[in-house]
Structures are given as C-alpha cells and as structure tokens.
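Trainee: structural data only, the sequence is not supplied:
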C-alpha cells in the first residue's frame, strides 16, 4: 500500500481532511475485483459502503430535522429521497474526481468500471464511512455538508413542491387516523371565473377550509389550513 499512500494523502488534502488511518481510505477505494486478482489478502469497499450509506442518510435526516422540525417520518423520508439518491451521490463523486483514485482489477478496468455510476457512488459512500471512522461525527458531517452543498441547499425547493394534501394524508397516517375527506361546500361565480370552497374533515371532524379557482386548488388550501391549525384529532 506504500505506493498509494502519497496519492491517498493528496486526495485527503484536496478534500480538506486529515488522515489518521490511511488503510481506511485505501479500503474505501478498493473494488472487489482487486481481491480476485491479487495473491495478497485484500479488503474491498463493500462493508464500508453499507456504513457510509447509513451515515449519509443520518446526516441528511439531521439536516432536514433542523430545517423542518415538524414533519412526519413519511415526509422526511420522501424529502430525503428527493435530495440524496444514487444519481446525486454519483454526481458528487464525479465532481470530486474520485474515479481516478479507485483501485480496480484489470478485468474491471477493461470493462469500463471507472465510468460506472454505481461504482463511483458506492466508493463515495465508502469514503464517507472511512471519514466517520477516522475522524468522527463532526468531521464527517462537515465533509458531507461541503460535498452535498448543492443537494442540501435544495431542501427549501423540495419543501415548496411538497403539496399540502399529501402532507396532510401523511400526517393522518402517522397518527393512525382515517384519511382526510374533502367536500365542496360552495361553488360560485360564472363558469369562466368560478370559485370553490372546500372543507376537509378528519375522522368526521371539520379541520380546515380553503378557497380556489379549481377544486384541487381549494383542496390544497383546505389541507394547508388543517396542517397550520395544529388541531388535528389524536
């Protein structure tokens, strides 16, 4: 591993990291194809990738919890999936130029493994685990915040496109309540400029009203009123 140590320290310096145990970084960037072609015992990134995926998920969950402290588990899960996924992890890995540091067996190299989205994404998650094990929570959280700054900054965009009706349904499911029922209680105005008023009830209890130029718009406003009232049953 001595031949690769300068390369790994170069990578760490580029990433603003201090390496205590360089073997963790070596393992995080070693594909299983190396072990199959080497006479020496070689550990690959797969188990680190499992841990790194969990650490990344926790950091993003922590961020969402701080930014939006009143969401349900279902809402958080959907928001997290919208922010960090295989595509965004691979994008971050490519922006870091991580592919050039990965150890591949000759067969995998010839097969174009260095360009495989799943492979470089897995290596970044393994590297996240290496940073966590080597330097702890505060360092890995800061590292992820830098690497996924674009995704985390989109949290408010994800929130804006999250519709209130879905959020209300999710909230009801979390509280083990029946799904909300929307009823048009008023329709007025000419056909070209009609306005609707909708009332939403939860478990038979009126919980919010909303108006709009379409039924869907009125339902969204009613759902928002129910969510903001803080008076859901249960």
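Mentor: On my side now, so go ahead. Here the structure is a predicted model, which means the values were calculated and not measured.

Trainee: need phi/psi at residue 68.
Mentor: Residue 68 has phi and psi values of phi -130, psi 80 when expressed as degrees, to the nearest 10.

Trainee: can you check the pLDDT for the residue lying farthest from the centre of the chain?
Mentor: The centre of the chain is farthest from one residue, residue 190, which by Cα atoms, centre = their mean lies 45.5 Å away. In this model, residue 190 is scored at 76, pLDDT.

Trainee: any idea how far it lies from residue 213?
Mentor: 12 Å (Cβ to Cβ, to the nearest Å). In this view, the C-beta of every residue, glycine as well, is placed from N, C-alpha and C.

Trainee: likewise for residue 224?
Mentor: Taken as Cβ to Cβ, the span from residue 224 to residue 213 is 16 Å.

Trainee: who has more neighbours, those two?
Mentor: Between residue 224 and residue 213, counting by other Cβ atoms under 10 Å, residue 224 is the more crowded of the two (18 against 12).

Trainee: the more buried one contacts residue 212, correct?
Mentor: No: judged on Cβ atoms under 8 Å, residue 224 makes no contact with residue 212 at a distance of 10.9 Å.

Trainee: element containing the nearest residue to residue 132 once chain neighbours are set aside?
Mentor: Of all residues not flanking residue 132 in the chain, residue 140 sits nearest, at 4.2 Å (Cβ to Cβ, 6 or more residues apart in numbering). Following DSSP states H and E, one finds residue 140 within helix 137-147.

Trainee: next, the buried residues of the helix or strand just after that helix.
Mentor: The element immediately downstream of helix 137-147 (helix or strand, assigned by DSSP H and E) is helix 149-153. Residues of helix 149-153 classed as buried: 151-152 (neighbour count, 16 or more other Cβ atoms under 10 Å).

Trainee: how far off centre is helix 149-153?
Mentor: 10 Å (Cα atoms, centre = their mean, to the nearest Å).

Trainee: and if you look at stretch 163-179?
Mentor: 21 Å.

Trainee: looking at the chain, which helix or strand is least sure?
Mentor: Every helix and strand of the chain was ranked by mean pLDDT, DSSP states H and E. The lowest is helix 155-161, at a mean of 63.

Trainee: who does the helix or strand just after that helix touch, helix- and strand-wise?
Mentor: The C-terminal neighbour of helix 155-161 among helices and strands, as given by DSSP H and E, is helix 164-174. Under the contact criterion of 3 or more Cβ pairs under 8 Å, 6 or more residues apart in numbering; DSSP states H and E, helix 164-174 touches helix 73-83, helix 215-229.

Trainee: 6 Å instead?
Mentor: Contact here means 3 or more Cβ pairs under 6 Å, 6 or more residues apart in numbering; DSSP states H and E; on that basis helix 164-174 packs against helix 215-229.

Trainee: pLDDT on the helix it packs on, on average?
Mentor: Rounded mean pLDDT across helix 215-229 is 88.

Trainee: then stretch 47-64?
Mentor: Per-residue pLDDT values over stretch 47-64 give a mean of 95.

Trainee: cool, thanks, signing off.
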